[in-house]
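Participant: Predicted model follows, preceded by the sequence.
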Amino acid sequence: MNPFQSLHEYEWFIYTLADGFPSIRHSTLTIVRISRGMAELRGDVDFSAGMRLRVYELLTWDGGTLLIDSYSYDVFQVDLQMYWYDSQPHPHIPELSSTHPHHKHIPPDIKHNRIPAPGLSFNTPNLPFLIREIETLPLQHPPTH
């Protein structure tokens, strides 16, 4: 069940996110209303060791239920994109059917290598799952420039 019955409740959650997750160093997440029943969440959440979560969500609400209509979540360490999640449907890939349309892009061929994403939903907030996942990642050696 979605714990957020209104955009106002979700805004409160987003703007106090660091209070619930001490691993967050800084957040630029902002929610912008784009119509009466639609808003966008955009921004970055920065963690230690150069980890960064880039967030995009298209939010809709009607009748007291807040839903994520579509999303994209990108995870970086310094400037290296480690993986991303999106909700673009790929019905032609049977391996993704268990969590359709939710999936994760992973190396080595990050654009085309997709796996199911059972932790994501349109009906509940995805950020707690994503933050916990980042908190448990083994750190890679950042690329040298």
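Facilitator: In hand now; what should we look at?
Participant: wait, is residue 81 part of a strand?
Facilitator: Yes - in this structure, residue 81 lies within a strand as judged by DSSP: H, G, I helix; E, B strand; the rest coil.
Participant: Quick check: beta-bridge partners of it?
Facilitator: Beta bridges link residue 81 to residue 76, judged by DSSP bridges.
Participant: beta partners of residue 39?
Facilitator: residue 33, residue 59.
Participant: That one is in contact with residue 8, isn't it?
Facilitator: No - at 10.8 Å, residue 39 does not count as touching residue 8 under the criterion of C-beta atoms under 8 Å. For every residue, glycine as well, the C-beta is placed using N, CA and C.
Participant: Look at residue 133 and give its secondary structure.
Facilitator: Classification of residue 133 by three-state DSSP places it in helix.
Participant: Can you give the distance of stretch 84-101 from its chain's centre?
Facilitator: Here stretch 84-101 shows a centroid-to-chain-centroid distance of 16 Å under the convention C-alpha atoms, centre = their mean, to the nearest Å.
Participant: same thing with stretch 112-124?
Facilitator: Between the mean C-alpha location of stretch 112-124 and the chain-wide mean there is a distance of 10 Å, by C-alpha atoms, centre = their mean.
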